[in-house]
Structure formats: C-alpha cells, structure tokens
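Peer 1: generate a structure from the sequence data that follows.
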Amino acid sequence: MKLIRFGLPGAEKPGIVTEAGTFDVSAFGEDFGEKFFETDGLQRLAAWWEKNSGSCPQVPAGTRFGSPVTRPSKIICIGLNYADHAKETNAAIPQEPIVFFKSTTSLVGPNDDLIIPRNSEKTDWEVELAVVIGKKASYVEEKDALEYVAGYALHNDYSERAFQLERGGQWVKGKSCDTFGPLGPWLVTKDEIKDVDNLRLWLTVNGKTMQDGTTANLIFKIPFLVSYLSQFMTLLPGDVISTGTPAGVGLGMNPQVYIKAGDVIELGIDGLGSSKQTAVAFK
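Peer 2: A predicted model of the protein is given here:
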C-alpha cells in the first residue's frame, strides 16, 4: 500500500494511493500515527479497504499532501552514511553510525514551501531514504530488524550549514528549522519495495542535477541501523529514521552553493515518488 495524508496543514485526512487513483479513507476512522502502527493498522486497513474500497471518495487532483505520518515521537538521522558524501565534506568514513536528531516540528508535506530560516546564509539540500518504524523496537537483532519496519518514504533533510557546523554543539541546530523535513508523498509499505538496497535517489535545483546516487552505496544498511539504534533507545511505531544522503550537497561544492529564495528543489527515489519545494524568504 501507499499511504498518504491530505488536506490543509493541521487538518490532514488519511488516504491511500492505488493504481485506480487516490482515495480518502477517513471512514476507516484512524490517522497514520503511533497508535495506528502499534495496533497492526496496516493489516487492519488492508482488510477494511477490501470491503469498503467502493465507497471511498477519490481525492481531487491538486489536493495538498501532508507528511504521510503524523506526529512521530522522533526523527532520527544518520550522518555521513554514503562514502562519497563523507569524502566531499572532507570527513572520515564513520566506524559506527553518526546519530543525530531532527525536531519533529520540521516535518511538513512533500510539496510545501521551504522557508529559509531567519539569519540563514547556508541552507542546503539532502535527498534521503526514510524508514518508518512499524512496531516498538528495543534491543532488536539485525536478522529480525526488518520485521519492525512499516515502510519507506522520500525525505529532504534540509540543513543550515552555519547553524550545524559553525555554531558549536550538536548538528540538530542546523537540521530542525520549520519546513526542514518534507516527507513523502507516500509511505510505501515494505512489501512494495523489492530491493531497498538498490534504489536510485536524485535531486535537482532549478532543473540542474545536484545529487544522483543509489542506496547500494549505503555504508550502514537498514537492518543494521534499526538494530543499532535499538541498542541505545526504544524506537516507537511511526518513528522516522533518515538514512543519509549521497554526494552532491551544496556544502561539498567548490565554490559552495546554497539555496536562495525562488529556487525550486525537486527530488525522488525509485518507487517512493517525487517531491518539489520552492524556497521562500523568512517573513
């Protein structure tokens, strides 16, 4: 299944995307959050859809999509998880995953505007594969890790490099500004992705290709990451793990290139759809 949430910000409704179109499943009675996932919501929704699909209205074309998951307890990011990205930023290849958090208030819909933060001069892009956790995970073994995954989504891990790297402290400061976490368009259940270790991911700015990579080059693969993180914290249903970005970020260019108001950023991952954000100045 492909899960969506659609409608005005703060008033999104649940929906699903099929070959026949995009449908409102509000009558199912649940949003796609922690409670939904921890109570076998994916299986219950699939069974409900089989019986009720004929009565579900289509979502009008052009309707805004929100994040496909609502209010995750945390967004966990993995830094420097592609060797080519580590190289372009003059960083060593990590011996263990670099883990940092991104504020959940950064989460927005896939095509919402990117608001360049106040006092920002170095807002940057990062196309990433996001993993959504499907059930509570603590001290999970790597061989069992995918049992705890609900699905995958496209994520742009926007980053303000001066806040992240020049202001001391943790990276979270450069990752958490409002609109810095466009997720979606869809949450794609893991059964629809045949080989998550062989997906192309790409990003353009104003039509120019900046990133063009593959998840085959992940240093730490998804089962390892889920297991690894679960040794240090409990992962809750609906939590988002953003798995890192390939080479091609503005920070790694010579001279460096950063986002300015009016820029259009488009990105996509095989099987997970595409998204588009227009940068606007902070008001």
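Peer 1: any idea how far residue 268 lies from residue 3?
Peer 2: 18 Å (Cβ to Cβ, to the nearest Å). Where you see a C-beta, it was placed from the backbone N, CA and C, and this is true even at glycine.
Peer 1: what of residue 87?
Peer 2: 36 Å.
Peer 1: give me the more crowded residue out of the two.
Peer 2: residue 3 (25 against 14; other Cβ atoms under 10 Å).
Peer 1: what residues of stretch 39-47 count as buried?
Peer 2: 41-42, 45 (16 or more other Cβ atoms under 10 Å).
Peer 1: scratch that, stretch 42-61
Peer 2: 42, 45, 48-49, 56, 59.
Peer 1: endpoint to endpoint, that stretch covers what distance?
Peer 2: Start and end residues of stretch 42-61 are separated by 25 Å (Cα to Cα, to the nearest Å).
Peer 1: what of stretch 247-263?
Peer 2: First residue to last in stretch 247-263 (Cα to Cα) measures 20 Å.
Peer 1: so residue 200 versus residue 95, what's the distance?
Peer 2: From residue 200 to residue 95 the distance is 28 Å (Cβ to Cβ).
Peer 1: so which of the buried residues of stretch 42-61 are in helices?
Peer 2: Those of those mapping onto helices are 42, 45, 48-49, per DSSP state H.
Peer 1: could I get these as CSV with distance to residue 143 and pLDDT?
Peer 2: Putting those into CSV (distance: Cβ to Cβ, whole Å; pLDDT from 0 to 100) gives the following:
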residue, distance to residue 143, pLDDT
42, 22, 98
45, 28, 98
48, 32, 98
49, 31, 98
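Peer 1: wait, which of the residues you listed is closest to residue 249?
Peer 2: residue 42 (33.3 Å; Cβ to Cβ).
Peer 1: residues touching the closest one, list them.
Peer 2: 1, 134, 150, 189 (Cβ atoms under 8 Å, 6 or more residues apart in numbering).
Peer 1: give me the distance between it and residue 137.
Peer 2: 16 Å.
Peer 1: what residues of the helix or strand of the chain with the lowest mean pLDDT count as buried?
Peer 2: Every helix and strand of the chain was ranked by mean pLDDT, DSSP states H and E. The lowest is helix 83-88, at a mean of 88. Burial within helix 83-88, assessed by neighbour count using 16+ other Cβ under 10 Å, is assigned to 85-86, 88.
Peer 1: now the terminal residues of stretch 107-124, how far apart.
Peer 2: End-to-end for stretch 107-124, by Cα to Cα: 16 Å.
Peer 1: stretch 155-169 too?
Peer 2: 24 Å.
Peer 1: what does that stretch rub up against?
Peer 2: 77, 102, 106, 114, 117, 120-130, 171, 173-175, 177, 179-183, 203, 240, 242, 245, 249-251, 258, 265, 267, 275, 277.
Peer 1: out of those, name the ones that lie in helices.
Peer 2: Within these, no residue falls in helices by DSSP H.
Peer 1: which among the residues you listed end up buried?
Peer 2: 77, 102, 106, 114, 117, 120, 122-130, 171, 173-175, 177, 179-183, 203, 240, 242, 245, 249-251, 258, 265, 267, 275, 277.
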